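**Student:** Take a look and give me a structure for this.
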Amino acid sequence: MSVPVSHGGTSAAKGRRRPGRLAPVVGKARKQLQNALAAAGYPSRVLVACSGGPDSLALAAVAAYFARRGHVDGHPVAVAAVVVDHQLQVGSADVASHTASVLRQLGIDPVEVRTVDVASTGFGPEAAARDARHAALESAADDLACEAILLGHTLDDQAEQVLLGLARGSGTRSLAGMRPARGRLLRPFLGLRREETLEICEVEELDPWHDPSNADPAFARSRTRVEVMPVLEEKLGPGVAESLARTAAILQQDADFLEDLANETYLSLVQREAGGAWLPEDAVRELPAALRFRVIAKAAADVGGQQPGYGRLQAAEALLRRQGSAGPVELPGHVSVYRLSLSDLEQQRTVSTGAPEADATGESTGAGPREAARCGKLVFRHQKPSQQ
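**Tutor:** Got it, this is the predicted structure:
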């Protein structure tokens, strides 16, 4: 990777290298970054995450333009950058160091290289590397007082994400793909094709690094990129990637609506107690299925669990159709969910309070007002893993 140097000995990337008309693709990219920063409230200090690949290098070049201007739409902006070295390939330190040098020549300051150790997890090497990278980016943003982190994902990345979700049988949230903004993370190039970032690098006279893992068939995303998407474009015609990305944009709206509604519903139903939480089974049973499954997943997360897969959610939801007390069903993150029937609850109340037992109709045989809650519970408890 190299940045051409002018005859004067300074990097030509620090300003316009030659007079003439602005390349349309560069203008388009600048507008997309401008819009993303505007939507984020014009953060005064942003951090560019750059691997040295064409997507993130093109993003860095566009961000550097605004850094040299010192503002976006009249709002002051400063740009920093970080290169994350995952140490997963021979020579990765040299790639990271060289990328940092290129970013400095573009006029970005400060530029840091952060080295991470990618721990093996049960979710695969790609997920482990992503988690390590995001942790490093968040840490760098904190240290450099950056309000936003710019990521170079493109429309092609979004299309691949949706296609992988379809292949795995994922739900709405997964098929909605990557958000343009999530917390401090901004993805301004989700409207750009990968070929356009390559064109930007060519116009800006940048020589990007091409990660060999992007063509490695050992990774599902690489197989999707190199083998599946070209076949779809060939057999179904051009525009497949745009259609998949458009699907993600539509589903993001649906997923956000359902998420907000599920959260409101859950908060209206949940009852917390020592060591867990419970939901009134009658109220949960009456919910539409789309909300019912989401509410159960929220209860599992609320007591310390992880997002359950669809099969586990089905098993937990099936407790609502069981007779008498049932369970437990084990959910990811050491969460157990079980059903306590009304009769068992009445018996527990009788034992603990000495109150009269209920008759066959469910009414108390003794004097006193009838209790308001007359249904069973779906109980969620976090179980500490056993020490081996």
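
**Student:** Where does pLDDT dip in the stretch 201-350 of the chain?
**Tutor:** Within the stretch 201-350 of the chain, the segments meeting pLDDT under 70 span 343-350.

**Student:** That one: helices as residue ranges?
**Tutor:** In the stretch 201-350 of the chain, the helices defined using DSSP state H, counting those that start in this stretch lie at 220-223, 229-236, 240-269, 281-285, 289-302, 310-318, 342-353.

**Student:** Let me know which of these is tucked in deepest.
**Tutor:** helix 289-302 (a mean of 20; mean count of other C-beta atoms under 10 Å). The C-beta positions use only the backbone N, C-alpha and C, and glycine is treated the same way.

**Student:** Could you break the protein into its assigned domains?
**Tutor:** Per automatic domain parsing, the structural domains of the chain span 12-253, 270-359+372-382.

**Student:** Quick check on residue 239: phi, psi?
**Tutor:** Main-chain torsions, residue 239, degrees, to the nearest 10: phi 100, psi 0.

**Student:** what about it, neighbour count?
**Tutor:** Neighbour count of residue 239, defined by other C-beta atoms under 10 Å: 10.

**Student:** Report the central residue of the protein.
**Tutor:** Note on the chain: the residue nearest the mean C-alpha position is residue 178, at 6.2 Å, using C-alpha atoms, centre = their mean.

**Student:** Am I right that it is in contact with residue 156?
**Tutor:** No. With contact defined as C-beta atoms under 8 Å, residue 178 does not reach residue 156; the gap is 11.7 Å.

**Student:** about what we covered before: using the three-state scheme, assign the residue nearest to the centre of the chain.
**Tutor:** Assigned with DSSP: H, G, I helix; E, B strand; the rest coil, residue 178 falls in the coil class.

**Student:** Backbone dihedrals for it, please?
**Tutor:** According to degrees, to the nearest 10, residue 178 has phi -90, psi 140.

**Student:** Of the helices of the stretch 201-350 of the chain, which is nearest residue 76?
**Tutor:** Closest of the helices of the stretch 201-350 of the chain to residue 76 is helix 240-269, at 30.7 Å (criterion: C-beta to C-beta).

**Student:** What helices and strands are in contact with the closest one?
**Tutor:** Counting contacts by 3 or more C-beta pairs under 8 Å, 6 or more residues apart in numbering; DSSP states H and E, helix 240-269 packs against helix 155-167, helix 172-175, helix 229-236, helix 289-302.

**Student:** Switch those over to JSON lines; also include distance to residue 331.
**Tutor:** Converted to JSON lines, the helices and strands packed on helix 240-269 look like this (distance: least, C-beta to C-beta, whole Å):
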{"stretch": "helix 155-167", "distance to residue 331": "21"}
{"stretch": "helix 172-175", "distance to residue 331": "17"}
{"stretch": "helix 229-236", "distance to residue 331": "35"}
{"stretch": "helix 289-302", "distance to residue 331": "5"}
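
**Student:** who wins for proximity to residue 61 among those helices?
**Tutor:** Once the helices and strands packed on helix 240-269 are compared by C-beta to C-beta, helix 155-167 is nearest, at 18.4 Å.

**Student:** Pretty sure residue 22 sits in a strand.
**Tutor:** No. Going by three-state DSSP, the assignment for residue 22 is coil, not a strand.

**Student:** residues touching it, list them.
**Tutor:** Counting by C-beta atoms under 8 Å, 6 or more residues apart in numbering, residue 22 makes contact with nothing.

**Student:** roughly how far apart are it and residue 30?
**Tutor:** 9 Å (C-beta to C-beta, to the nearest Å).

**Student:** One more: residue 108?
**Tutor:** Separation of residue 108 from residue 30 (C-beta to C-beta): 15 Å.

**Student:** what does residue 131 give?
**Tutor:** 31 Å.

**Student:** Not counting sequence-adjacent ones, nearest residue to residue 193?
**Tutor:** Distances taken as C-beta to C-beta, 6 or more residues apart in numbering place residue 155 nearest to residue 193, at 5.5 Å, with adjacent residues excluded.

**Student:** longest strand in this structure, by residue count?
**Tutor:** strand 78-85 (DSSP state E).

**Student:** Residue 330: how many residues sit nearby?
**Tutor:** 16.

**Student:** Am I right that it is in contact with residue 336?
**Tutor:** Yes. Counting by C-beta under 8 Å, residue 330 does reach residue 336; the two are 5.9 Å apart.

**Student:** sorry, back to before: tell me how many other residues surround the residue nearest to residue 193.
**Tutor:** Using other C-beta under 10 Å, residue 155 has 20 other residues around it.

**Student:** Residue numbering should commence at 22 henceforth.
**Tutor:** Yes, from this point I'll number from 22; that puts the last item at residue 176.

**Student:** Tell me which of residue 129 and residue 51 has more neighbours.
**Tutor:** With neighbours defined as other C-beta under 10 Å, residue 129 and residue 51 compare such that residue 129 has more, 23 against 19.

**Student:** strands paired with the longest strand of the chain, and their directions?
**Tutor:** strand 66-70 (parallel), strand 132-136 (parallel) (DSSP bridges).

**Student:** Okay, angle between the next helix or strand after that strand and strand 66-70 too, please.
**Tutor:** Using DSSP states H and E, the helix or strand that follows strand 99-106 in sequence is helix 113-126. Here the directions of helix 113-126 and strand 66-70 differ by 140 degrees (axes from the mean of the first three to the mean of the last three C-alpha atoms, to 10 degrees).
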